[in-house]
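S.K.: Pasted the sequence and its predicted model underneath.
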Amino acid sequence: MLEVNFIRENKDFIVDSLSKRNMNSSLMIESVIDLDVRKRKLQTELDKILHQSNLISKEIGDLFKIGLQKEAIVLKEKTIKLKEASKELNEELISTKDELQQLLYKIPNIPHKSVPKGKSEEDNVEVLSEGEIPKLPVNSLPHWELAKKYDIIDFELGNKITGAGFPVYKGKGAKLQRALISFFLDMNTNAGYDEVQVPHLINEKSAFGTGQLPDKEGMMYYIKEDDLYLIPTAEVPVTNIYRDEIILESQLPKLLTSYTPCFRREAGSYGAHVRGLNRLHQFDKVEILRVEHPDNSYTALDGMVEHVKSIIKKLNLPFRILKLCGSDLGFTSCLTYDFELFSAGQNKWLEVSSVSNFESFQANRLKLRFKDSSGKTKLAHTLNGSSLALPRVLATLLENNQTDKGIVIPKVLVPYTGFSVID
RNA sequence: AGAGAGGUGGCCGAGUGGUCGAAGGCGCACGCCUGGAAAGUGUGUAUACACCAAAAGUGUAUCGAGGGUUCGAAUCCCUUCCUCUCUGCCA
């Protein structure tokens, strides 16, 4: 959520920046400003009335004390009128505030100045491409065939137990999953991220805090009885650790990592591009997250990109990094780098990580602030990234490393798996 | 899940209708004292919003959250969330 004061002072800049997202926000921005003017006016009026009312109430108390009942009763009538007026104003104020709030929720974050304009994912900019794309033998298979061949992932069994998009990992497949999780967590903690385990269900406040609500309500599984949502990403519970917190400047930055399963309804998804592990309703992901001083958030973003890069390189998988264009950029993000692995069995790129700087957009909703050296409270910046999401890493690994002797496990993972080949 | 108790500032803790944004203590910051430190001592120490060009200042709101009674609520009533104790259940 953008700050109203910022909007008020940077109207043209905002409309111009948001046009990168292919949206015309000028009407919205104008209404924000109008509503804000109205809100402040109402606030001032209301405060004045309440002030009067408070003064009179005090007087009434004093009059009662010295026994001047009659005078007190006269004053009482005065306050009754004030009360009526304040009630009306208050209602108007609340509805104006609410209207303003709802509107603010609808305005996406301002793309960073380096974000290219674009109409679709085609316009994302490749900033790096590394690693060799393997030349697979003619009889090579996509990962869902490999999964069946070696009996390591059972999609049908998942269908039986739950439904499509909930695979069952078996034997070496299950162990490989666990190995990847441990490996990623170790890489992250070695880089200074503190590991946390967080709830997999979140309340409404948390979902609002990171921006899943109200604009992405349909993406989350919802448990009506308890009014809770299943997490679509660890980002939500982990970031909400700092909701309503004021951190000392000296304690910044905060670096956290967490492994969680992620649950996504993915309503409307179907077809070949969601086959196998490509898109699931439940998947595992290790997330990294930072709370940063505003001056440092872009340096931190670069650091996160380097970190994710180093993990992928250790796995020896071909990858590329894209800078997302305006139209592909997430609602809450200022700047996002996507990591994609080349999956040789399907002959296409698969997104495995998304690293973003949200600047103060989430922090404003979360009321996540820090005190600077002069004692002023300011919004912090939040960043997060996958490090990494498992299924597509697994898919690529299976496909790219297939040989006639089985699937070769990358060296760095062998200490975690205890085996070096799936056959 | 049932019965009971309770949620007050960074922490502890007082406060059962007006003088309470809130005693007292601890902590923290700055100063005095000291050769230095401790002790002692003085001052300050929440957040949000509004007014103001801004600072100073002023106002409003906030005692888990939401609503109500009242001229006036931390204090009374209702709803809700959470915590603790006992009982039950359970990995």
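M.R.: Nice, thanks for sending it over.
S.K.: interface residues of chain A facing RNA strand B?
M.R.: Within reach of RNA strand B by C-beta under 7 Å from any atom of the strand, chain A has these residues: A:4, A:40, A:43-44, A:46-48, A:50-51, A:53-58, A:60-61, A:64, A:76, A:79-80, A:83, A:246, A:369, A:371, A:377. From N, CA and C alone the C-beta is placed, and that goes for glycine too.
S.K.: Could you find the closest non-adjacent residue to A:S360?
M.R.: Spatial nearest neighbour of A:S360, chain neighbours left out: A:L379 (3.8 Å); criterion: C-beta to C-beta, 6 or more residues apart in numbering.
S.K.: Might one say that that neighbour is in contact with A:K371?
M.R.: No. A:L379 is not in contact with A:K371 according to C-beta atoms under 8 Å; the separation is 11.7 Å.
S.K.: These two: which has the busier surroundings?
M.R.: Comparing A:L379 with A:K371 by other C-beta atoms under 10 Å, the one with more neighbours is A:L379, at 19 against 15.
S.K.: Which secondary structure element of chain A has the lowest mean pLDDT?
M.R.: Every helix and strand of chain A was ranked by mean pLDDT, DSSP states H and E. The lowest is strand A:246-248, at a mean of 85.
S.K.: ok, that one: who's next to it in the sheet?
M.R.: strand A:369-371 (parallel) (DSSP bridges).
S.K.: From the chain's centroid, how far away is the strand it pairs with?
M.R.: 20 Å (C-alpha atoms, centre = their mean, to the nearest Å).
S.K.: which residues does the residue in the stretch 251-400 of chain A that RNA strand B sits nearest to form a beta bridge with?
M.R.: Taking C-beta to the nearest atom of the strand, RNA strand B has its nearest neighbour within the stretch 251-400 of chain A at A:T377, 4.2 Å off. Taking DSSP bridges as the rule, A:T377 bridges to A:K371.
S.K.: Could you double-check that it sits in contact with A:F370?
M.R.: Yes. Assessed by C-beta under 8 Å, A:T377 is found in contact with A:F370 at 7.1 Å.
S.K.: So which residues of the stretch 301-423 of chain A form strands?
M.R.: Per DSSP state E, counting those that start in this stretch, the stretch 301-423 of chain A carries strands over the ranges A:319-323, A:335-343, A:348-359, A:369-371, A:377-379, A:381-389, A:402-403, A:406-408, A:421-422.
S.K.: Give the full set of residues in contact with A:L301.
M.R.: A:L335, A:Y337, A:V355, A:S356, A:N357, A:L383 (C-beta atoms under 8 Å, 6 or more residues apart in numbering).
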